[in-house]
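S.K.: Would you be able to build a 3D model of this:
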Amino acid sequence: MEIFYADDDPVDVVFFTRALKRIDPAISCTTATDGVEALDKLFNQANRPDAIFIDLYMPKLDGIECVIAIKRNKDLKKIPIIIISNAINKKEIDQFNRLGVYYFLSKSTFEDLEASLKNILNSLQAH
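M.R.: Predicted structure coming up:
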């Protein structure tokens, strides 16, 4: 399984990638540290990810701007997008739902992250 993860917090990136490896060491994860880098990598990498995880608040381009750009790209628009955030409000959730975001994930403890990722990945594989 190929995962793409964009987040500007290096600690969150380490937690995320460590959780993925504990779930399944065969999972491959490409990362980006801001929205511009994320779109550049997504638009230009040969292998398309099975899921895209995006932090809501990043420099240069935020999660909303990234989702809009991804959904406009014919090669990426069907890939499930999961928004990750410490705080998300109802207006943002409504906007993301209209854009077709697959799931919202709260940043929390490592154990909660691992359990949530396992559930999301199992759900994605079932589809």
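S.K.: For the chain, which residue occupies the most central location?
M.R.: By CA atoms, centre = their mean, the chain has its centre lying nearest to F53, at 0.3 Å.
S.K.: so who does that one touch?
M.R.: I3, F4, Y5, A6, D7, F16, I81, I82, I84, L105 (CB atoms under 8 Å, 6 or more residues apart in numbering). For the C-beta atoms, the positions are set from N, CA and C on the backbone; glycine is no exception.
S.K.: ok, 6 Å please
M.R.: Y5, I82, I84 (CB atoms under 6 Å, 6 or more residues apart in numbering).
S.K.: what helix or strand does it sit in?
M.R.: Following DSSP states H and E, one finds F53 within strand 51-55.
S.K.: For that strand, what does the pLDDT average out to?
M.R.: Strand 51-55 comes out with an average pLDDT of 96.
S.K.: measure the residue nearest to D55 when sequence neighbours are not counted to T17 for me?
M.R.: With sequence-adjacent residues excluded and distances taken as CB to CB, 6 or more residues apart in numbering, D55 is closest to D7, at 3.9 Å. Separation of D7 from T17 (CB to CB, to the nearest Å): 10 Å.
S.K.: between these two, which one's more packed in?
M.R.: D7 (24 against 15; other CB atoms under 10 Å).
S.K.: picking up where we left off before, please report how far the residue nearest to D55 lies from A126.
M.R.: 26 Å.
S.K.: Could you do G100 as well?
M.R.: On the measure of CB to CB, G100 and A126 end up 18 Å apart.
S.K.: who has more neighbours, these two?
M.R.: G100 (13 against 6).
S.K.: Not counting sequence-adjacent ones, nearest residue to that one?
M.R.: K71 (6.3 Å).
S.K.: same deal with Q45?
M.R.: Closest to Q45 by CB to CB, 6+ apart is T30, at 6.8 Å.
S.K.: Check T33 too.
M.R.: T33 sits nearest to D8 (CB to CB, 6+ apart), 5.4 Å away.
S.K.: That neighbour contacts M58, doesn't it?
M.R.: Yes - counting by CB atoms under 6 Å, M58 is a contact partner of D8 at 4.7 Å.
S.K.: Overlap in contacts, those two.
M.R.: D34.
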